[in-house]
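Novice: I'll drop the sequence and a predicted model, then ask my questions.
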Amino acid sequence: MSDATLKKDIWRIIGVICALSVLSVIVVLILTEAALARQAKDILEQKMNTASALASRFQLRIEDATKVLQVAAANDEFLAINDADKVSEDYKGIPIGLEERKRDVARDILELYGSFETIALALPNGDIYFVEPYDRQLSLPRLNYADREWYSGPIKTGQPYAADALVSTATNHRVIPIAVPVYSADDSSLTGIMVGAMDLELLEQQLRMELNLSNNNRVIYVDDRGNAIEDVSERTIDTFTAIESMAHLQSVKNVIAGQSGNLIEDVDGVKTLTIYRPMVIDGRDWGVLVMQPTADAYSAIDYLRNQAYVMLAIIVSIIGTSGYFLVSFRTHSTLSNQLAKANAELIEKDKLKDEFLKIASHELRTPIQPIIGYASLGARGLIKDNEAWKVVHREAQRLMKLANNIVDISMTQSGVLAYNMEKINVTEVVRSTIETFKPIAIEKKLSLELNVDETFEQIEIDADATRLKRVFDELLENSFKFTEKGGIRVDCKIETERLMIRFSDTGTAIPPELLPKIFDMFSSKSVNDPTTQGAGLGLFICKAIISAHGGTIVARNNLDGPGAVFEITLPLHSLREYVPQTRAAVS
């Protein structure tokens, strides 16, 4: 063989290796960035949902407190003031023992509605008539409060009024005064102003119980002037501080202008992601802000990006190493035995990576070919049939599913796959899945049957509905893939204090040698069957999701006929929020 031919072969091998490396880089970067963009969107959506829920809850709290005071103000006891002449600067109102029936109504409010720390009745001139508890009345620094917003608001409007937050002169707590005008029996004259001081410390305690304030999460409520009426984070510990203005922040300016949105801004010298939602309180725009430093908010994304880069480096290293051995083999034919042995050892050590490359390249190439072909024809105006575009859409969906599976496996094994555990009805999730697959059953002329026990249908458990639906989708998709006649049956019942969901079909059975490893990565009937599609990733993800819910999933073949059975069990008791154990990601 001439030197020119040898050099040509070597350069040809080098060209192939470079092309494979570039292609690997492009594919991994495209899939990674798409997955990370989706993850960033999910993070924003979750925080926006939290902000919306907090705004709605706060608004309802103000409305409920106002209704309580309105009901009390309509009580016959408040239609007349009997002891106005007994108001004294010494007692900061009337002394104890007078107007006890009115005081009893106030005490009932404090006992039955825990959000108020004090209930007061002020006269039309702004003098305090009485305050409950009475010791708070005695601690007032003055008698007349006609200069306060909670007094002037209802006087001007004749309507209930939630004033801006202030520090109570009676308790030194941050409070929101909610005032309701009290009228005489014929509504002809103002009898007084009933005002309840809503204690914001109670709101803070509730938020600390309900919110995850780790990773520097922070929740701030602002009034229409941009004052922080409540600031709850891992660092703040109480509400006994002066009210701070935050009107300089752009997010605060936006929210008190009635706008919703999100932005990244500098807060106390830290680059911070802020989600803001307005809430209307008596016609004025207040707001809630959900804040987190961007470094913490997007830490999972940065971790996944680094993992992708590591995987990319490994893939390129494998390709480069393989190229090196090929060149060496081509150049030094006398070393073929040693090279074969070294190559075998390399393949054995990197079996998982090689398996991934083989399956991923097949799964990527199969949908890419028709997409490129039809796109080329479409660019030249040669496609008039909508079926061609349906093929392009279907293959693009297939590519997206593969990308989702790859990212989910990486997140699962690296311990960062998030679960949103909440009370759900599993029957509703199963029915939603069945409805999704009805068109496929009709198209393939297969039966699709759902049987749910009455007791099962009434049960709710703590679970992630989206993750469970993904499991059910995967199992039904597999059943339809391997079933050509007969049908699929889904049974839901309770067995030995656990929920059981069984998927059975009349398709091809699972090969006996595959059953013990059916839930392993890259183990699938599709992997060994060229007539069906699949990368062998779905069932691995299914088992990870079910395990995260404290359940089990098993597979077996039908004993009395063709087909396979997949059986899921989930615990009946409420599960705590799932906290994954960190493991090294599979590259």
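Specialist: Right, received. Where do you want to start?
Novice: show me where the stretch 51-200 of the chain has helices.
Specialist: 100-112, 134-138, 149-157, 200-210 (DSSP state H, counting those that start in this stretch).
Novice: Using a markdown table, lay out those together with mean pLDDT.
Specialist: Putting the helices of the stretch 51-200 of the chain into a markdown table (pLDDT from 0 to 100) gives the following:
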| stretch | mean pLDDT |
| --- | --- |
| helix 100-112 | 93 |
| helix 134-138 | 92 |
| helix 149-157 | 92 |
| helix 200-210 | 74 |
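Novice: so which of those helices is the most packed in?
Specialist: helix 149-157 (a mean of 18; mean count of other CB atoms under 10 Å). Every C-beta, even on glycine, is put in place using the N, C-alpha and C of the backbone.
Novice: residues in contact with it?
Specialist: For helix 149-157, contacts defined as CB atoms under 8 Å, 6 or more residues apart in numbering pick out 122, 124, 126, 145-146, 160-161, 163-164, 177-181, 190, 193, 195, 282.
Novice: hmm, try it at 10 Å
Specialist: 120, 122, 124-126, 144-146, 159-164, 166, 175-182, 190, 193-197, 282-283 (CB atoms under 10 Å, 6 or more residues apart in numbering).
Novice: for the helices of the stretch 51-200 of the chain, which one sits closest to Val310?
Specialist: Minimum separation from Val310 across the helices of the stretch 51-200 of the chain (CB to CB) falls at helix 200-210, 37.0 Å.
Novice: what helices or strands is the closest one leaning on?
Specialist: helix 3-73, strand 116-122, strand 174-183, strand 218-222, strand 227-233 (3 or more CB pairs under 10 Å, 6 or more residues apart in numbering; DSSP states H and E).
Novice: could you redo the last one with a cut-off of 8 Å?
Specialist: When contacts are defined as 3 or more CB pairs under 8 Å, 6 or more residues apart in numbering; DSSP states H and E, helix 200-210 packs onto helix 3-73, strand 174-183, strand 227-233.
Novice: quick one: average confidence on the first one?
Specialist: Just to be clear, that refers to helix 3-73. Average pLDDT, helix 3-73: 84.
Novice: That one relative to strand 116-122, how many degrees between them?
Specialist: 40 degrees (axes from the mean of the first three to the mean of the last three CA atoms, to 10 degrees).
Novice: mind checking how far helix 3-73 is from the chain centre?
Specialist: Relative to its chain's centre, helix 3-73 lies at 12 Å (CA atoms, centre = their mean, to the nearest Å).
Novice: Please check the contacts of helix 149-157 and keep the buried ones.
Specialist: With burial judged by 16 or more other CB atoms under 10 Å, the buried subset of these is 120, 122, 124, 126, 144-145, 160-164, 166, 175-182, 193-197, 282.
Novice: which residues touch the helix or strand harbouring Glu443?
Specialist: Element membership of Glu443, judged by DSSP states H and E, is helix 426-444. Here helix 426-444 makes contact (CB under 8 Å, 6+ apart) with 447-448, 450, 452, 456-457, 459, 461, 463, 465, 468-469, 472-473, 476-477, 480, 483-484, 487-488, 490, 492, 499, 501, 570.
Novice: so Pro183 touches Met194, yeah?
Specialist: Residue 183: Tyr, not Pro. No. The pair Tyr183 / Met194 is not scored as a contact, 11.0 Å apart, by CB atoms under 8 Å.
Novice: Helix or strand, whichever it is, which one in this structure has the lowest mean pLDDT?
Specialist: In the chain, no helix or strand scores lower on mean pLDDT, DSSP states H and E than helix 525-528, which sits at a mean of 49.
Novice: which helices and strands does the helix or strand harbouring Ile553 pack with?
Specialist: Assigned by DSSP H and E, Ile553 falls within strand 552-557. Helices and strands touching strand 552-557, by 3+ CB pairs under 8 Å, 6+ apart, are helix 538-548, strand 564-571.
Novice: Turn these into TSV, including distance to Asp231 and mean pLDDT.
Specialist: As requested, the helices and strands packed on strand 552-557 are exported to TSV (distance: least, CB to CB, whole Å; pLDDT from 0 to 100):
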stretch	distance to Asp231	mean pLDDT
helix 538-548	34	89
strand 564-571	39	94
